[in-house]
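[1] the following comprises the amino acid sequence and a computationally predicted model.
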Amino acid sequence: MKFYFVIAGIVLIGLSCKTSGNITGNNIIRLDRSDQYVTKRLQAQQHVQFQDFNGKAKVRYDDGDQRISFATQLRMKKGQYIWINASFLAYEVARILIRPDSIFAINRLEKSYLADSYEKFNTSYEIPASYNQLEAMLLGNTVVNLD
């Protein structure tokens with residue numbers, strides 16, 4: 001009886017290891033498309049479309065010297081604001097409000113704050129992203145020239 005179970009198990013494992021589709025197909029990459037066409041297609045294929053967004057994330061940061069894990073809450077209203085709260089062990093450690101024209105941040109660990117224009121902040125920290133591109137990055141969408 002055990003012999004039949006072993007044979008049945010081997011057959012099931014063998015059938016379950018089959019690939020689900022062919023790698024080769026009729027997917028031919030066309031290289032004669034214009035930049036405008038590709039940009040338009042990328043914008044049409046944005047995965048997350050929203051007016052109001054509210055989400056939570058667990059973030060792990062490791063740069064080799066320092067490891068940090070914290071929870072964040074992200075609230076966004078398209079074209080109006082991005083609001084981020086970061087907490088560690090149920091205590092709020094940072095709060096950031098980003099608007100298309102300004103940025104405000106509170107760092108509760110270092111007891112400091114920042115209030116600046118969005119353009120000046122981007123120039124100071126060499127961040128080459130517009131507000132709309134930042135929205136797309138936070139949602140995991142393709143970042144193209146959205147402005």
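    Arrived safely. Residues are numbered from 1 along each chain as shown.
[2] please count neighbours and contacts with C-alpha atoms only from this point.
    Fine.
[3] can you verify residue 137 is assigned to a helix?
    Yes: assessed with DSSP: H, G, I helix; E, B strand; the rest coil, residue 137 lies in a helix.
[4] which residue packs closest to it, ignoring adjacent ones?
    With sequence-adjacent residues excluded and distances taken as CA to CA, 6 or more residues apart in numbering, residue 137 is closest to residue 143, at 6.4 Å.
[5] residues touching the one you found, list them.
    By CA atoms under 8 Å, 6 or more residues apart in numbering, the contact set of residue 143 is 133, 136-137.
[6] turn those residues into JSON lines, columns for pLDDT, neighbour count and distance to residue 110.
    JSON lines is the format used below for these (pLDDT from 0 to 100; neighbours: other CA atoms under 10 Å; distance: CA to CA, whole Å):
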{"residue": "133", "pLDDT": "83", "neighbour count": "18", "distance to residue 110": "29"}
{"residue": "136", "pLDDT": "81", "neighbour count": "19", "distance to residue 110": "29"}
{"residue": "137", "pLDDT": "79", "neighbour count": "14", "distance to residue 110": "27"}
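[7] for stretch 77-87, which positions count as buried?
    Across stretch 77-87, burial judged by 16 or more other CA atoms under 10 Å covers 81-87.
[8] nope, stretch 106-124 is what I meant
    Those would be 106, 118-119, for stretch 106-124 by 16+ other CA under 10 Å.
[9] which SSE is residue 132 in?
    Assigned by DSSP states H and E, residue 132 belongs to helix 131-139.
[10] return the alpha-carbon coordinates of that helix using CSV.
    Taking Å, rounded to 0.1, in the frame of the first residue of the first chain, the C-alpha atoms of helix 131-139 are listed here in CSV:
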residue,chain,number,x,y,z
TYR,A,131,5.8,66.6,-6.9
ASN,A,132,3.9,64.5,-9.4
GLN,A,133,6.8,62.2,-9.9
LEU,A,134,7.1,61.8,-6.1
GLU,A,135,3.4,60.7,-6.0
ALA,A,136,4.1,58.1,-8.7
MET,A,137,7.2,56.8,-6.9
LEU,A,138,5.3,56.4,-3.6
LEU,A,139,2.6,54.4,-5.3
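[11] just how off-centre is that helix within its chain?
    From the chain centre to the centre of helix 131-139 is a distance of 8 Å (CA atoms, centre = their mean, to the nearest Å).
[12] fine, thanks again, bye for now.
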